[in-house]
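Chemist: what's the 3D shape of this:
(chains A, B, C and D)
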2 protein chains.
Amino acid sequence: MSANRAAAAGDFPVRRAKGAQAREKLKLAAGRVLERSGYHAMRITDVTAEAGVATGLFYHYFSDLKSLTIEVLQDFIAQAQDLEKIEQGVARSDWFGRIKAHNTLVVNSYAKRPGLMRCLLQMADEDAEFAAAIRASFVQSLQWLVERMPRLFPDASCTPHQALLVVYSLAGSGETLLRDFFINQDAALHSQPVSKEELIELLAVMFYRGLFLQNPPTEQLNHTHYLVQLQWQPAPDETT
Amino acid sequence: MSANRAAAAGDFPVRRAKGAQAREKLKLAAGRVLERSGYHAMRITDVTAEAGVATGLFYHYFSDLKSLTIEVLQDFIAQAQDLEKIEQGVARSDWFGRIKAHNTLVVNSYAKRPGLMRCLLQMADEDAEFAAAIRASFVQSLQWLVERMPRLFPDASCTPHQALLVVYSLAGSGETLLRDFFINQDAALHSQPVSKEELIELLAVMFYRGLFLQNPPTEQLNHTHYLVQLQWQPAPDETT
DNA sequence: GTTGAAATTGAATCCAATTTCAACTATGCT
DNA sequence: AGCATAGTTGAAATTGGATTCAATTTCAAC
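Modeler: You can find the predicted model right below:
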C-alpha cells in the first residue's frame, strides 16, 4: 500500500520519496472528497484543492478520477478487511458469535464511512470489473459458511450453488437496511434511536434464524430479546 | 399518465395532440435508452435520436435529463404496482402465498427490466427526494405486514419501529440478491441455472423462516424442498 | 386558402470540466 | 557548486455535451 516505487496502477513512475508522498496526499484528499461528495460529484479540482496542490499535478500520478477512486476504495476495503481478524476471538462453534463478528465489521464500515460505502455502490454501478471484484469478495466472505453447510446440515440435499443462494440472500438483508440507515439516513428507520450494537445484533439474529430456523441462545442477546418472541403461535390461520 | 394537457412536471405546455404524442414518444425512447445504457451514460442526443426527432425538441418538453428520467421511472413504478393487484387471488390467511405474491411482483420487474431497476438505484443515489419517495413506497409496501405483527405475535413486546427494522431486513434480502442476479448477472449466482419461480420461492421461504421461525407448508413448495432441511440438527456444537 | 399559434429543426453558441504543456522549483548526486 | 532529474505550477487549449434560437413546417380554425 505505502511507498512502493512504481505506481500501484499503470505507469506513473514515482521515483522519489516526495513523489510518493504527493501521490498519497492526493489519495487521502480524494478519500475525503469522496466521503463528503460521492463519486459522481467529485471533480479533479476538488481533489487537488483538497490536497493543496496544482491541478496539473493530478495527471502526474493518475490517469483519471475513476482509477484514483478505485485505488482509494480498494485501500478502504483492504483496511476494513484487515480488521477482519476480529473474528479471531470467537469460538469456532459459536455460530452466532461468528455471524455477529462478521456483521460488526460491516456495520462499522457503514457507520464510520457512509460516504465511502456509498461510493462502493456508485463505482460498482459504473465499472463492471470493479463490481465483479466486489461481489467476488462478498461471495468469498460467505464461503466459509457455504463450505460448512453440508456438515452443518447433513440431512439436507443442498448443492453448493443452492447454499450460495441461501447465504447470499441472508447476507444481503443487511446491505439494504444498512444502506438506507447509514447512507440515506432514512427517516422511518431513524424515527427511534437505534444503537450500532442493536443493529448488529438484529441482523445477526435474523441471519441466524433464517439459517438455523432457531433463535440464537438467549443469553447471547443484549438488545433484541423482543426478537425471540417472534414465532408462529398457534395454527397457521388468521383472518385479517 | 397519458394525454393530459399541461405537462406532467413543470410548465411545458402541450397544446395539441401532436405535442402530447411527441412528448410521449420522447419518454418511451428515454425508457429504452435507460434500459440499455443506464442513467449516467444517457445523453440528450441519445434520446432524441432514439425517438427520431431533432435535438432541440427535447427542450420543448423537458428541462433536463433528470426530470425526464424521473418521470419515466415513476411511470415504470406505477405500472409495476398496478399489477400489484396480483395479491388479490390469495387467501388473507395464506401468509406464504401473500409473501410469494409480493416477491413475484418484484422479481418480475427485475427479470423484465433489469436496466430500469438499475436506473432506480442510480436515480435514488443521485436525488435525495426521489430516494426518499422510493423508500417511502418500499416502507409502504411493508406496512401491511408491520401492522399485523402485533396480532400475529401477541406475546411479542415489539414496537412498531422494531417491527419495521425486522421486516425491512427481511425484505431487503431480496434486493441485493436480485440486483446481483439480474442487473449484474453475477457469474457465481448464474453458475447453475435458476428459474424465476425458484428464485421467488427461495426468497419467500427465507422471508417466511426469518419471520415465523418455521418453514412454510411443504405442500406449497415446488422448487425448494431442499430448504426445509436446513435446520439445526443436534446440539449447537461443531468444531471445524 | 389564409392566418397564426404550435411544433420542429439543426447549426451556432456556450460552458464546465478535463487535459496539456512550457516554465519553474526542489532535490539528490558527484 | 553545478548538473540532471523529479516534482510542481497554472494558465491556455481542448473537449464533450448542453443549451439556445432564428428559420421552417405543420396544423386547426375561420
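Chemist: who touches residue A:102 in this structure?
Modeler: A:87, A:141 (C-beta atoms under 8 Å, 6 or more residues apart in numbering or on different chains). Placement of C-beta: from N, CA and C, glycine included.
Chemist: how far away is it from residue B:128?
Modeler: From residue A:102 across to residue B:128, the span is 30 Å (C-beta to C-beta, to the nearest Å).
Chemist: And residue A:22, by the same measure?
Modeler: In terms of C-beta to C-beta, residue A:22 sits 35 Å off from residue B:128.
Chemist: Of the two, which one has the most company?
Modeler: Here residue A:22 and residue B:128 are compared on neighbour count by other C-beta atoms under 10 Å in any protein chain shown; more neighbours surround residue A:22, at 17 against 11.
Chemist: what element comes up after the one helix or strand residue A:19 maps to heading to the C-terminus?
Modeler: Element membership for residue A:19, per DSSP states H and E: helix A:17-37. Past helix A:17-37, further along toward the C-terminus, the next helix or strand under DSSP H and E is helix A:44-51.
Chemist: Give the buried residues for the helix or strand following that following helix.
Modeler: Once the chain leaves helix A:44-51, the next helix or strand it forms, by DSSP H and E, is helix A:58-61. Residues A:58, A:60-61 are the ones in helix A:58-61 that count as buried (16 or more other C-beta atoms under 10 Å in any protein chain shown).
Chemist: Could you save those residues as CSV and add columns showing distance to DNA strand D and pLDDT?
Modeler: Shown next, in CSV, are those (distance: C-beta to the nearest atom of the strand, whole Å; pLDDT from 0 to 100):
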residue, distance to DNA strand D, pLDDT
A:58, 8, 97
A:60, 5, 95
A:61, 8, 96
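Chemist: So for residue A:144, what's the pLDDT?
Modeler: In this model, residue A:144 is scored at 83, pLDDT.
Chemist: next one: the one 3 residues further on
Modeler: At residue A:147 the predicted local distance difference test score is 87.
Chemist: Can you get me a residue count around it?
Modeler: 13.
Chemist: so where does it fall, helix or strand?
Modeler: Assigned by DSSP H and E, residue A:147 falls in helix A:128-152.
Chemist: And chain B, is that helix touching that?
Modeler: Yes: applying C-beta under 8 Å from any C-beta of the partner chain, one finds helix A:128-152 touching chain B at A:128, A:131-132, A:135-136, A:139, A:148-149, A:151-152.
Chemist: Run the angle between the following helix or strand past that helix and helix B:128-152 for me.
Modeler: Using DSSP H and E, the next helix or strand after helix A:128-152 towards the C-terminus is helix A:160-178. Angle of helix A:160-178 versus helix B:128-152, following axes from the mean of the first three to the mean of the last three C-alpha atoms, to 10 degrees, is 110 degrees.
Chemist: So which bits of the next helix-or-strand element following helix A:160-178 are buried?
Modeler: Toward the C-terminus, helix A:160-178 is succeeded by helix A:196-212 as the next helix or strand (DSSP H and E). Residues of helix A:196-212 classed as buried by neighbour count (16+ other C-beta under 10 Å): A:199-212.
Chemist: again with stretch A:147-164
Modeler: Of the residues in stretch A:147-164, those buried (16+ other C-beta under 10 Å) are A:149, A:152-153, A:156, A:158, A:161-164.
Chemist: Need the max-distance pair from those.
Modeler: The two members of the buried residues of stretch A:147-164 with the most space between them (C-beta to C-beta) are A:152 and A:161, at 16.6 Å.
Chemist: confidence score at the closest residue to residue A:223 other than its chain neighbours?
Modeler: Among residues not flanking residue A:223 along the chain, residue A:198 sits closest, at 3.9 Å (C-beta to C-beta, 6 or more residues apart in numbering or on different chains). Predicted confidence (pLDDT) for residue A:198: 96.
Chemist: Now residue A:48: closest residue in space, sequence neighbours ignored.
Modeler: residue A:55 (5.0 Å).
Chemist: still on that earlier bit, using a markdown table, please lay out the buried residues of helix A:196-212 together with distance to residue A:12.
Modeler: Putting those into a markdown table (distance: C-beta to C-beta, whole Å) gives the following:
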| residue | distance to residue A:12 |
| --- | --- |
| A:199 | 41 |
| A:200 | 40 |
| A:201 | 45 |
| A:202 | 45 |
| A:203 | 41 |
| A:204 | 43 |
| A:205 | 48 |
| A:206 | 46 |
| A:207 | 43 |
| A:208 | 47 |
| A:209 | 50 |
| A:210 | 47 |
| A:211 | 46 |
| A:212 | 50 |
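Chemist: Much appreciated, bye for now.
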